[in-house]
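*Asks:* only geometry, no sequence info:
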Ligand code: SAM
């Protein structure tokens, strides 16, 4: 029985890497990562020198076999993604499932993720929430937005900067002006921004921006939530 470690990496600020994560990555035989160039920046920063192989959404199925083969040969493997927790809107799930199914040990090494970081910073209720990940670009998108609008509890959505206005417009269409939202952009990075307010104020303010860059999480309050 070999071990597959699921290792979280920083979502922006390299200092958020845990000492346990560094210790584990220094101890494994190989590291599975998404983009080797991205991971090398972090690994070099911490002086970690290990064989890497890439494991991304386009080759995940094929690479699971390779990963299981390595585990069967007794090698210990760590999975990291470009940022945050592997498996959270990132490759990882298939490998973790396969490792369990083949009787290998799975050890999580937790750390940053954009989902809980944004939620905790939003000042919106975080006792119960739904993680929506990325909404589909076209088919099924409206239904998902409507579900968010109808939800009694907080929803968390990952969105790209070039689609944020479209998402805010769709949310506004279903939720109206009086829904609380929080946009968390560039978390833990130099230009970090946490902008919260009612959709009726947030939408025009974001629409008036000349450019929107960086990584974004949108937190949407449940339909009964109010700060009155
Ligand atoms: N595995 C990652 C995690 O644990 O959060 C998520 C990876 S997913 C491919 C990338 C998305 O996460 C981005 O498009 C953005 O929505 C969100 N994200 C990642 N880093 C972020 C950051 N520093 N600030 C805001 N959102 C971030």
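*Replies:* Received, thanks. Note that this is a predicted model, so its numbers are computed, not measured.
*Asks:* how close does the residue in the chain positioned nearest to the ligand get to residue 115?
*Replies:* When scored by C-beta to the nearest ligand atom, the chain has residue 84 as its residue closest to the ligand, at 2.3 Å. Backbone N, C-alpha and C define where each C-beta goes, glycine included. As for residue 84, its distance to residue 115 is 8 Å (criterion: C-beta to C-beta, to the nearest Å).
*Asks:* Quick check: residue 182 is in a strand.
*Replies:* Yes - Residue 182 forms part of a strand when assessed by DSSP: H, G, I helix; E, B strand; the rest coil.
*Asks:* Enumerate the residues of this structure near the ligand.
*Replies:* 11-12, 81, 83-85, 88-90, 113-115, 158-160, 184-189, 215-217 (C-beta under 6 Å from any ligand atom).
*Asks:* Just the ones of those residues in strands?
*Replies:* If you go by DSSP state E, the residues of the chain next to the ligand have 158, 159, 184, 185, 216, 217 in strands.
*Asks:* Okay, and the beta partners of the second one?
*Replies:* Read that as residue 159. For residue 159, the beta-bridge partners under DSSP bridges are residue 216.
*Asks:* ok now do it, which residues does it touch?
*Replies:* 134, 135, 167, 216, 217, 218 (C-beta atoms under 8 Å, 6 or more residues apart in numbering).
*Asks:* Whichever of the residues you listed end up buried, select them in PyMOL.
*Replies:* Burial among those is assessed by 16 or more other C-beta atoms under 10 Å; the matching PyMOL selection reads:
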select buried, resi 135+167+216+217+218
